[in-house]
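Asker: Sequence below, structure please.
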Amino acid sequence: MDLSFDEGSYLVRLARKSIETYIDTKQMLKRPDNFPDVLEEKRGVFVTLNLYPDKRLRGCIGYPLAYEPLIDATISSAISAAFSDPRFPPLNKDELGKIVVEVTVLSPMISLDKKIPYERQIKVGRDGLFVVCGANSGLLLPQVPVEWGWNEKEFLNEICVKAGLNRDCYENVHCDMYRFTGQIFEEITPNGDIEEKNI
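Answerer: Residues are numbered from 1 along each chain as shown. Next up is the predicted model:
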């Protein structure tokens, strides 16, 4: 079920407040007393931090699967994206005014049929991809192939690379491929207005 604009905006504000609280106190933000009921549902979610205005990635971490309520998963994903993404140093206080916060709420995963070419089952601009192959896994959000200008075949190659596997891992029958959609809410400017992003 899609979130309303107000519910999505709430998550973006919550993600930023989680980061600010951790910078100031080194403590995880406590779950708010009052929040929209739908955020109690277990959903996958990712929090992305982009530098403003050039939108270079500054951190992105989340939960591919519905492990915990969306309200809790957003708080922990925001803190992890800011301080535990191994690709970047921890965010510092001076950067708070230089990043925009983006929250992507994931749909349930749909398993791809191994008997049908994957290129025919996915669509750039609609789907994200999740691959699991033994101990390796990787996820790319729906907005990523659009931002990079990939076609479906390139998207399949890149999800394998993201998982630390050969570019043709999707041809391995022991690898499981999934597609999903995402509802994206993001700040237009740092700590500014929020929009629902259409890709």
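Asker: For V173, see how far away the residue of the chain most remote from its centre is.
Answerer: Residue farthest from the centre of the chain, counting by Cα atoms, centre = their mean, is K115 at 28.5 Å. Computed as Cβ to Cβ, to the nearest Å, the K115 to V173 distance reads 10 Å. Yep, even glycine has a C-beta here, placed from its N, CA and C like the rest.
Asker: From I122, how far off is the residue farthest from the centre of the chain?
Answerer: 15 Å.
Asker: do P86 as well
Answerer: 27 Å.
Asker: higher neighbour count, those two?
Answerer: Higher neighbour count among P86 and I122: I122, with 21 against 6, using other Cβ atoms under 10 Å.
Asker: Next, that one: phi, psi?
Answerer: The phi and psi values for I122, taken as degrees, to the nearest 10, are phi -120, psi 160.
Asker: can I get the CA coordinates of stretch 64-80 in PDB?
Answerer: Extracted as PDB, the C-alpha positions of stretch 64-80 are listed here (Å, rounded to 0.1, in the frame of the first residue of the first chain):
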ATOM      1  CA  PRO A  64      15.800  -4.900   1.600                       C
ATOM      2  CA  LEU A  65      13.200  -7.000   3.400                       C
ATOM      3  CA  ALA A  66      10.500  -6.200   5.900                       C
ATOM      4  CA  TYR A  67      12.400  -7.000   9.100                       C
ATOM      5  CA  GLU A  68      10.900  -4.400  11.400                       C
ATOM      6  CA  PRO A  69       8.300  -1.600  11.500                       C
ATOM      7  CA  LEU A  70       8.900   1.200   9.000                       C
ATOM      8  CA  ILE A  71       9.100   3.700  11.800                       C
ATOM      9  CA  ASP A  72      12.000   1.800  13.400                       C
ATOM     10  CA  ALA A  73      13.700   0.800  10.200                       C
ATOM     11  CA  THR A  74      13.800   4.400   9.000                       C
ATOM     12  CA  ILE A  75      15.500   5.600  12.200                       C
ATOM     13  CA  SER A  76      18.200   2.900  12.100                       C
ATOM     14  CA  SER A  77      18.700   3.200   8.300                       C
ATOM     15  CA  ALA A  78      19.200   6.900   8.600                       C
ATOM     16  CA  ILE A  79      21.900   6.600  11.300                       C
ATOM     17  CA  SER A  80      23.600   3.800   9.400                       C
END
